[in-house]
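Novice: Sharing a model that was predicted from the sequence below.
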2 protein chains.
Amino acid sequence: MADHRIHEGPQPGSALTIGARDDRRLTTVGLLFESAAGLRQVLERRLESNAGLSNQSFDVLIRLARTPGNRLRMSELAAQTTLSPSGLTRSVDRLEDASLVVREICPEDRRGAFAALTMQGKAVMDEAIPRHVAHLDELLQGVLTLDEEHTLEALLRKLRDHLFAGEVQCAFDPAAPDVCPTEQ
Amino acid sequence: MADHRIHEGPQPGSALTIGARDDRRLTTVGLLFESAAGLRQVLERRLESNAGLSNQSFDVLIRLARTPGNRLRMSELAAQTTLSPSGLTRSVDRLEDASLVVREICPEDRRGAFAALTMQGKAVMDEAIPRHVAHLDELLQGVLTLDEEHTLEALLRKLRDHLFAGEVQCAFDPAAPDVCPTEQ
DNA sequence: AGATAGTCGTTGCGAACGCAACTACCTTGA
DNA sequence: TCAAGGTAGTTGCGTTCGCAACGACTATCT
């Protein structure tokens, strides 16, 4: 059971029959959402029991852990995580309550603030990251070949870059789809 | 700006340097999450202004719209959407308040309930779905070739099936990774 | 038939989020 | 120098969600 999760093709009798091409795209984005949601769910479960961290907290922490100096501006962190400024504020509040992160004032811009990993936060991540990676390996073992993983990564990167490029650009010219500079 | 959204490789100086292979997988899942989040955000914005629907409501409604009879058991709907039973209850509550859906009792199992599209709900979806598809086409136009889209779909399907198969199986034997029957 | 266990859906509760409004600060230009 | 406008981050408020507990019903077993 638990199959036919998504519309695997519309029923011919339905009054809402959709063209096959349209349907394919609908299915693809459905798969994207389901994959992300499924992965998130599995990872969150394990992350919770391993380190007592939500997926969201882990996302913030790993970006700090992987930044030289282990600190990042709040705005930078908000941009990197898919979180609104207010959402990030609360998230950092929680991490600060848990003594994993501290806020540091920014000397050059006194409006700004850094979120910085504490010693304890670093220790937690030093343990949590390898576990997380191991879990990921275990989870993805045998699903995709190395080639397929590379392909998937490349396609997703293309998609993501396009989506966010379009978003940034809308301020200037919504009609120009691919002018925005991308990384690398 | 708005680039380097995700860790595009760890800094060599970082104390938390991670093996390159591990890093790649971390990046891939990061891309998966970001793509889904980005797409969700863009679609939601448009969906909201076009039909006054949240992405979540649309997800429920489209599954009803594409089912013969335009009705589905609550539990079925909960399984199809990535929503807990309680989450689905509230969602259907909202849709019922909006007169897009009605609950119908299930004669064969008097515990159960159907969620069924109302006339108005069907009318809304008859208009919303083509718009949504058009938006999707516009959004994805020129990002991926047809081949790439097919490849992406196939890879995502593999991934999703594996994730959910593992989830279901855990109840029986967590060590057996690919016994669960899949669709098609 | 009657007791027990399991399933379907709903509700109380607390957690997390986004939006809009706000404060504090920086920047630009007269 | 000082005013006007923009930016960084926080907070009030409303919304949505999942978990756990519950009531209603069904299935199973004796």
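Specialist: All right, it came through fine.
Novice: what phi and what psi does the backbone show at residue A:105?
Specialist: phi -80, psi 150 (degrees, to the nearest 10).
Novice: is the lengthiest helix in chain A anywhere near chain B?
Specialist: The longest helix of chain A (DSSP state H) is helix A:20-51. Yes. Helix A:20-51 lies within reach of chain B by C-beta under 8 Å from any C-beta of the partner chain, at A:22, A:24-29, A:31-43. No exception for glycine: its C-beta is placed from N, CA and C like everyone else's.
Novice: Are any of the residues you listed buried, and if so which?
Specialist: Among the residues of helix A:20-51 next to chain B, those scoring as buried are A:22, A:25-29, A:31-40, A:42-43 (criterion: 16 or more other C-beta atoms under 10 Å in any protein chain shown).
Novice: hmm, the lowest-mean-pLDDT helix or strand in chain A in reach of chain B?
Specialist: Least confident helix or strand of chain A, by mean pLDDT, DSSP states H and E, is helix A:146-169 with a mean of 83. Yes. Against chain B, helix A:146-169 shows contacts by C-beta under 8 Å from any C-beta at A:148-149, A:151-153, A:155-160, A:162-164, A:166-168.
Novice: Name the residues of that helix that come out as buried.
Specialist: For helix A:146-169, by 16+ other C-beta under 10 Å, it's A:149, A:151-153, A:155-166, A:169.
Novice: what sits up against stretch A:25-36?
Specialist: Outside stretch A:25-36, the residues that touch it by C-beta atoms under 8 Å, 6 or more residues apart in numbering or on different chains are A:5-9, A:18, B:32-33, B:35-37, B:39-40, B:43, B:59, B:62, B:82, B:132-133, B:136-137, B:140, B:149, B:152-153, B:156-157, B:159-160, B:163-164.
Novice: For residue A:72, which phi and psi angles does the backbone take?
Specialist: phi -150, psi 150.
Novice: what do you get for residue A:112?
Specialist: Backbone dihedrals for residue A:112, given as degrees, to the nearest 10, come out at phi -80, psi 170.
Novice: Leaving out chain neighbours, which residue sits closest to it?
Specialist: residue A:106 (3.8 Å; C-beta to C-beta, 6 or more residues apart in numbering or on different chains).
Novice: Ok, residue A:104 next?
Specialist: Using C-beta to C-beta, 6+ apart, the closest residue to residue A:104 is residue A:114 (4.3 Å).
Novice: burial count for residue A:54?
Specialist: 14 (other C-beta atoms under 10 Å in any protein chain shown).
Novice: Out of the buried residues of helix A:146-169, which are close to DNA strand C?
Specialist: When C-beta under 7 Å from any atom of the strand is taken as the criterion, no member of those contacts DNA strand C.
Novice: Flag every residue of chain A that's near DNA strand D.
Specialist: Taking C-beta under 7 Å from any atom of the strand as the contact definition, chain A meets DNA strand D at A:73-75, A:78, A:85-86, A:88-90, A:92-93, A:103, A:106, A:109, A:111-114.
Novice: Please repeat the previous calculation with a cut-off of 6 Å.
Specialist: Contact residues (C-beta under 6 Å from any atom of the strand) of chain A with DNA strand D: A:73, A:74, A:75, A:85, A:86, A:89, A:103, A:111, A:112, A:113.
Novice: Show me which of the residues you listed is closest to DNA strand C.
Specialist: residue A:86 (3.1 Å; C-beta to the nearest atom of the strand).
Novice: I'd assumed the closest one was in a helix, is it?
Specialist: Yes. Assessed by DSSP: H, G, I helix; E, B strand; the rest coil, residue A:86 belongs to a helix.
Novice: what's whatever residue of chain A ends up closest to DNA strand C in contact with, if anything?
Specialist: Across chain A, the shortest distance to DNA strand C (C-beta to the nearest atom of the strand) belongs to residue A:87, at 2.4 Å. By C-beta under 8 Å, 6+ apart, the contact list for residue A:87 reads residue A:78.
Novice: The same query, at a cut-off of 10 Å, please.
Specialist: Listed by C-beta atoms under 10 Å, 6 or more residues apart in numbering or on different chains, the contact set of residue A:87 reads A:56, A:78, A:81.
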